[in-house]
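Participant: sequence and predicted structure below; questions after.
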Amino acid sequence: MRSSFLTLIAVVSVLLAGSSFLLLRPSAPASAPAPPTPTYPTNPLAMSAGSAAKQLVDKLIKENIVMVFSKSYCPYCAKAKNVFAQYKLKSYKVLELDERDDGDAIQDYLGQITPGRSVPRVFVGGQFLGGGDDTAAQHANGQLKAKLEAAGAL
């Protein structure tokens, strides 16, 4: 009886080993083509948000001699805003992107028209000045004051 029990265990082991081998085999050959990448229809709401953000950004840059796109909690934004607080500016606006529903779309568009997407994005006289460190450096070396005077902000 013991030998038939051992034979049964051996047979079951072989069967189980064979079935696990079958389970571990790849289901498709390695040369099978990858499935096609799904395509998604363009979201008209996202497109309109992008074009609305573009219109808003372009308008704000045009209408304000000094325009700062910022986030309220950003230390680099605070650095730039603190620099401008030292001047008596005729035309100065700050837009806090984190306080707006369209802030991401605005930031995406800023990333298209400037070398980066980070904040702050500072414009003087319609020209991109840079970020917080750039603003502070140009203030320290006198270039910012010259740019503000040339743009008519002082």
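Facilitator: Looks like it came in fine.
Participant: what about Val122, distance to Gly50?
Facilitator: Distance of Val122 to Gly50, given as Cβ to Cβ, to the nearest Å: 22 Å. Where you see a C-beta, it was placed from the backbone N, CA and C, and this is true even at glycine.
Participant: likewise Ala78?
Facilitator: Per Cβ to Cβ, Ala78 is found 28 Å from Gly50.
Participant: following the chain past the lowest-mean-pLDDT helix or strand in the chain, name the next helix or strand.
Facilitator: When the helices and strands of the chain are scored by mean pLDDT, DSSP states H and E, helix 2-24 comes last with a mean of 51. Downstream of helix 2-24, the next assigned helix or strand under DSSP states H and E is helix 44-63.
Participant: other SSEs contacting that following helix?
Facilitator: The contact analysis (3 or more Cβ pairs under 8 Å, 6 or more residues apart in numbering; DSSP states H and E) places helix 44-63 against strand 66-70, strand 92-96, helix 103-113.
Participant: looking at those, which is nearest to Leu56?
Facilitator: With Cβ to Cβ, the closest approach to Leu56 among the helices and strands packed on helix 44-63 belongs to helix 103-113: 6.7 Å.
Participant: what is the mean pLDDT for that closest one?
Facilitator: Mean pLDDT, helix 103-113: 95.
Participant: hang on, the earlier thing: Val122 and Gly50: which is more packed in?
Facilitator: Counted by other Cβ atoms under 10 Å, Val122 and Gly50 do not tie: Val122 has more neighbours, with 27 against 17.
Participant: average pLDDT across stretch 59-78?
Facilitator: Taken as a whole, stretch 59-78 carries a mean pLDDT of 97.
Participant: which residues sit against that stretch?
Facilitator: Contact with stretch 59-78 is made by 57, 80-81, 84, 89-99, 103, 106-107, 110, 118-126, 131-133, 148, 151-153, as judged by Cβ atoms under 8 Å, 6 or more residues apart in numbering.
Participant: quick check on those residues: which are buried?
Facilitator: 57, 80-81, 84, 89, 92, 94-97, 103, 106-107, 110, 118-125, 131-132, 148, 151, 153 (16 or more other Cβ atoms under 10 Å).
Participant: can you tell me which of the helices and strands packed on helix 44-63 comes nearest to His139?
Facilitator: Comparing the helices and strands packed on helix 44-63 against His139 with Cβ to Cβ, the closest turns out to be strand 66-70 (12.2 Å).
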